[in-house]
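> with the input below, show me the fold.
(3 chains)
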Amino acid sequence: MPELPEVETVRRGLEPVMAGQVIADAEVRRPDLRWPFPPNMAKRLQGQIVRGLRRRSKYILADLSSGETLIIHLGMSGRMLVSGQMRGEFFRNHDAKSAHDHVVIHMGNGARITFNDARRFGAMDLVPTDTAEDHWLLSKLGPEPLGNSFNAAYLENALNGRRTPIKSALLDQRVVAGLGNIYVCEALHRAGINPKRHAGRIASPRLGALVPVIRDVLAEAIEAGGSSLRDHRQADGELGYFQHRFLVYDQANKPCQTLGCGGTVRRIVQSGRSTFYCPTCQR
DNA sequence: ACCAGCTCCTGCTTGC
DNA sequence: TGCAAGCAGGAGCTGG
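Purely as a prediction, here's the structure:
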């Protein structure tokens, strides 16, 4: 599922029920997701106050009063669903137990947060807060696409000399952190760049123009609550809505929507992943 | 160093 | 309707 906008949507959904609240209890129902959980994870979460929830790329970081940070990755199909009774309001977004409820966190305010991940590509780890960003999963990540260090000069330098297709380069989390297949396809379409073009062979003005396009696509997707194709749900269980705004992703054989283009959206495979683009207006 | 391909796992969609 | 193949939003690892 989740690329940056989906993860940010989940983070925003968890913040009001977790931030500043104590973790009353935690249950681990299965010993591992992609990797084994850290030792005694449930016990180490118990009694901690959640100082705040941050996001780095596609990771959610929950800073705890113990001085540790819970790192959460949703993989392809992970969900964080809130249920329970809070402030007199009853949330029933995940009351039925599912076979893939791997971790359940019970907050002192009555909220219950369930980590559900059918494909088990997700991960959790618990590390000291002051070195959380040095975690092996985070240490090699490139800049945040919505941050100031992601700019035209940076991107040109990062892609200089690279012969891999621009599509593959933008999926590389070391180049820019948080993009996935959907938003790379959409951004390249908006920028009019052919996904097969070699990353190091794109003229500066076109690369420069790609930066604000990426920011816009991500910001609009966050605003829409992300994209729900199969698995993504907001923390309250609601769907995201950005999938209705896709111009190319999953639109194979449909007419290109670019004004006056007249082309047809194609699906190709690049390094084993689907790429959707319009050969007419993406050059 | 760079890059394409494979792999982990489960479930939904597609085509025969 | 039934069944199997194909495909899925991530990302680490391997080997050329």
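
> switch to C-alpha atoms for all contacts and neighbour counts from now on
Will do.

> just confirm A:Gly208 is within a helix.
Yes: A:Gly208 forms part of a helix when assessed by DSSP: H, G, I helix; E, B strand; the rest coil.

> pretty sure A:Ala158 contacts A:Val176?
No: judged on Cα atoms under 8 Å, A:Ala158 makes no contact with A:Val176 at a distance of 9.1 Å.

> just checking, which helix or strand of chain A averages the lowest pLDDT?
strand A:89-92 (a mean of 64; mean pLDDT, DSSP states H and E).

> now the element after it, going C-ward?
strand A:101-107 (DSSP states H and E).

> what are the contacting residues of that next one?
A:17-18, A:21-30, A:33, A:112-117 (Cα atoms under 8 Å, 6 or more residues apart in numbering).

> buried by neighbour count, from those residues: which ones?
Buried subset of those (neighbour count, 16 or more other Cα atoms under 10 Å): A:17-18, A:21-28, A:33, A:112-117.

> tell me which of those residues fall in helices.
Residues of the buried ones among the contacts of strand A:101-107 located in helices (DSSP state H): A:Val17, A:Met18.

> restrict the buried ones among the contacts of strand A:101-107 to contacts with DNA strand B.
Among these, no residue lies close to DNA strand B (Cα under 7 Å from any atom of the strand).

> in strands, which of the buried ones among the contacts of strand A:101-107 fall?
Among the buried ones among the contacts of strand A:101-107, the ones falling in strands (DSSP state E) are A:Ile23, A:Ala24, A:Asp25, A:Ala26, A:Glu27, A:Val28, A:Arg112, A:Ile113, A:Thr114, A:Phe115, A:Asn116, A:Asp117.

> quick check, nearest of those residues to DNA strand B?
Comparing those against DNA strand B with Cα to the nearest atom of the strand picks out A:Asp117 as the nearest, at 8.2 Å.

> tell me where chain A has helices.
Counting by DSSP H, the helices of chain A are A:4-18, A:41-45, A:152-159, A:166-171, A:181-191, A:204-223.

> for DNA strand C, what are the nearby residues on chain A?
Residues of chain A lying near DNA strand C (Cα under 7 Å from any atom of the strand): A:1-3, A:6, A:58-59, A:73, A:75-77, A:121, A:137, A:173, A:178-182, A:227-232, A:273-274.

> again, 6 Å this time
A:1-3, A:58, A:75-76, A:121, A:137, A:179-182, A:227-232, A:273-274 (Cα under 6 Å from any atom of the strand).

> these, buried ones only, as a ChimeraX selection?
In ChimeraX, this line selects whichever of these come out buried by 16+ other Cα under 10 Å:
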select /A:1,2,3,58,75,76,179,180,181,182,227,228,231,232,274
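
> ok so, going back, can I get the ones in strands among the buried ones among the contacts of strand A:101-107 in a markdown table with distance to A:Lys196?
Shown next, in a markdown table, are these (distance: Cα to Cα, whole Å):
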| residue | distance to A:Lys196 |
| --- | --- |
| A:Ile23 | 48 |
| A:Ala24 | 51 |
| A:Asp25 | 50 |
| A:Ala26 | 47 |
| A:Glu27 | 46 |
| A:Val28 | 44 |
| A:Arg112 | 45 |
| A:Ile113 | 42 |
| A:Thr114 | 40 |
| A:Phe115 | 37 |
| A:Asn116 | 36 |
| A:Asp117 | 33 |
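
> this completes my enquiry, with thanks.
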